[in-house]
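Engineer: Please find the sequence and the predicted model below.
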Amino acid sequence: MARDLEEYLRPEVQTTPFCPGCGHGILMGLLLRAVDELALDMDRVLFVSGIGCAAWIPSPHFNADTLHTLHGRAIPFATGAKLFNPELTTIVVSGDGDLTSIGGNHLIHAARRNIDLTVICANNMIYGMTGGQVASTSPLGALTSTTMEGNIYRPFDLCKLVKAAGAAYVARFSVTQPLSVISAIKKGINTEGFSFIEVLSPCPIQFGRRNRLDTPAAIVERLHEQCISLEEAGVLSPEELEDRIITGEFVHGGA
Ligand code: SF4
């Protein structure tokens, strides 16, 4: 972590729990850069997370109020805090399994109610911390500890889901697009209403090693190849879009 961001970290926390090559460490740095560029007062920011590897991004690292909650329940806790103190900048950071599988119903209804939260979903396409089980975001055919012959279900398109439910700001980028991630987080925080930023964050340990992406470099390179902008996607056929991941801003809200 660069020294200029140290003020945002609790001094007693010296290391992160993330495996080498995990995208969550990159996302942690990008989130803090967005906070820094917005010059947010950390005493007026609340970070809320659920359970799983990504839930460790804010807690215990960030030198702010952090709530590390129950599995799938980060959004309800954040909603309660925001209702109690509307002045709080309330940012939820958690994983795809936590926010969109176990907590999926809360995600849909928070978007429908357009509650003024910023939700950052670190999507590693698998349950990382609990053993590499299939998630609602695992790609078709993905090998996981519970789909050893390949996932037979198509994954959720999380951005389409929250867009349909009424979110005010929706974007998807990969940790391989760091400036776009920072910009999207800033816009999400500045948008009044429900903001959802999906950040593709590679998991070399649980996802990569099961899917012939055995090194951090291999899984990052694969992600880089798969990501395609909205503009590029617009001229491709459905067949050409198979296996690609469209990145960009899908709902602009008032940002
Ligand atoms: S299991 Fe995967 S998501 Fe969890 S810390 Fe390790 S690399 Fe990251």
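Structural biologist: Now that the structure is in, tell me what you want to look at. Only a predicted model underlies this, so the values are computations on that prediction, with no experimental measurement involved.
Engineer: Point out the residues in this structure that sit beside the ligand.
Structural biologist: The chain comes close to the ligand at residues 18-19, 22, 24, 53, 124, 128-129, 203-206, as judged by CB under 6 Å from any ligand atom. All C-beta atoms are positioned from the backbone trio N, CA, C, and that covers glycine.
Engineer: now, the most widely separated pair of those?
Structural biologist: Pairwise distances across the residues of the chain next to the ligand (CB to CB) peak at 14.1 Å, for the pair Met129 and Pro204.
Engineer: and these two? which has more neighbours close in?
Structural biologist: Of the pair Met129 and Pro204, Pro204 is the one with more neighbours under other CB atoms under 10 Å, namely 22 against 18.
Engineer: got the phi/psi numbers for the more buried one?
Structural biologist: phi -70, psi -20 (degrees, to the nearest 10).
Engineer: List the residues that contact it.
Structural biologist: Pro204 is in contact with 19-22, 213-216, 218-219, counting by CB atoms under 8 Å, 6 or more residues apart in numbering.
Engineer: Next one, pLDDT for Gln14 please.
Structural biologist: Note for Gln14: predicted pLDDT of 86.
Engineer: Can you tell me the SS state at it?
Structural biologist: Following DSSP: H, G, I helix; E, B strand; the rest coil, Gln14 is assigned to coil.
Engineer: Got phi/psi on it?
Structural biologist: Main-chain torsions, Gln14, degrees, to the nearest 10: phi -100, psi -20.
Engineer: all helices of the protein, in order?
Structural biologist: Using DSSP state H, the helices of the chain run over residues 23-37, 74-84, 96, 104-113, 158-165, 178-190, 216-226, 230-233, 238-241.
Engineer: could I get those helices as CSV with mean pLDDT and distance to Thr144?
Structural biologist: Listed next are the helices of the chain as CSV, based on pLDDT from 0 to 100; distance: least, CB to CB, whole Å:
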stretch, mean pLDDT, distance to Thr144
helix 23-37, 97, 18
helix 74-84, 98, 23
helix 96, 97, 13
helix 104-113, 98, 18
helix 158-165, 98, 18
helix 178-190, 98, 25
helix 216-226, 95, 14
helix 230-233, 95, 27
helix 238-241, 93, 23
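Engineer: For the residue of the stretch 151-255 of the chain found nearest the ligand, which non-adjacent residue is spatially closest?
Structural biologist: Relative to the ligand, the nearest point of the stretch 151-255 of the chain is Cys203 (3.2 Å; CB to the nearest ligand atom). Leaving aside its chain neighbours, Cys203 sits nearest to Asn124 (3.8 Å; criterion: CB to CB, 6 or more residues apart in numbering).
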